[in-house]
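Asker: could you work out the structure for the sequence below:
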Amino acid sequence: MNETGQWTAILLAGSRPGGDPFAEAYGERFKARIPIAGEAMIARMVRTLAAVDRIGRILILSQEPEAVVAGDLGWIADHPKVRLHVSGMGISRSIEAVAGRPEAPWPVLIATADHPLLLPADVDAFIDGVGDTDVAVAMVPARVLLAAYPENKRTWLRFRDGGFTGANLFALTGPAVAPALELWAGAEQDRKAARKLMMRFGPCLALRALTRTITLADALATAGRRLGFRVKPVLLDRAEAGIDVDKASDYDLVAGILAKREGQNSAG
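Answerer: Prediction:
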């Protein structure tokens, strides 16, 4: 824990090697800069994170952070909570290079720039749920998300207690997370392949996950014990916390939600 007791938020805003066709389809080099309902996705995320009192610093991690916040996003670089940092090769290695160092003191919250529906209340709820653990992962139950948006397509992890999707929020609370970052480095190419990822924790756990005879919390706890760190899920109860922008259908859905939300706010 740093001396202030506040969290460092690392906001991932990088681009894919060789260019990002999704970003280019919306006229941008960087996905983080894609405008949605009148404002760039990264601007919405910076406003959300900056509004959380327990976050003392926001470190924007990108191959070209100055370019990401250039032009009309220049206010981001000038924000008192924001720092810019050049990322290296791969997300996990880039996080490993700064987490726990002066640039990003513990505890660290990882977020992504492509999550414009996230609210400060979601981040607060996640931090409240972290507790005494090394790694925490924000998840939204399928029953919550599909009740609100039944047509939305997500990557579901299915366990005995139901299906879950990630909310693109992770907590790393201290040096004990090193094995988790090593695992992340090895699994980055398989992040959408649930079966391959589970096999990395051993055949018994993988079998229990695939046959849905273990709960999400027990699966994560077992995996963490095998690798030497404590890990838990934090379930968020707001459907929108589980919807990021990965494809055109996500963009259309999120744009509609934001337009409705902001229309209601202006009417109120």
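
Asker: against residue 107, how distant is the most centrally placed residue in the chain?
Answerer: For the chain, the residue sitting closest to the mean C-alpha position, by C-alpha atoms, centre = their mean, is residue 168 at 2.2 Å. As judged by C-beta to C-beta, to the nearest Å, residue 168 and residue 107 stand 17 Å apart. The way it works is simple: take the backbone N, C-alpha and C, and place the C-beta from them, glycine included.

Asker: one more: residue 180?
Answerer: From residue 180 over to residue 107 (counting by C-beta to C-beta), the distance is 13 Å.

Asker: identify the contacts common to the two.
Answerer: residue 172 (C-beta atoms under 8 Å, 6 or more residues apart in numbering).

Asker: return the helix or strand in the chain with minimum mean pLDDT.
Answerer: None of the helices or strands of the chain scores lower by mean pLDDT, DSSP states H and E than helix 194-199, at a mean of 58.

Asker: residue 90 contacts residue 185, doesn't it?
Answerer: Yes: using C-beta atoms under 8 Å as the test, residue 90 is close enough to residue 185 to be in contact (6.2 Å).

Asker: buried residues in the lengthiest helix in the chain, which are they?
Answerer: Assignment by DSSP state H gives helix 248-267 as the longest helix of the chain. For helix 248-267, a neighbour-count test (16 or more other C-beta atoms under 10 Å) marks 250-251, 253-255, 257-258 as buried.

Asker: for the one helix or strand residue 10 maps to, packing partners?
Answerer: Element membership for residue 10, per DSSP states H and E: strand 7-12. In terms of contacts (3 or more C-beta pairs under 8 Å, 6 or more residues apart in numbering; DSSP states H and E), strand 7-12 is packed against helix 41-50, strand 55-62, helix 91-98, strand 108-112.
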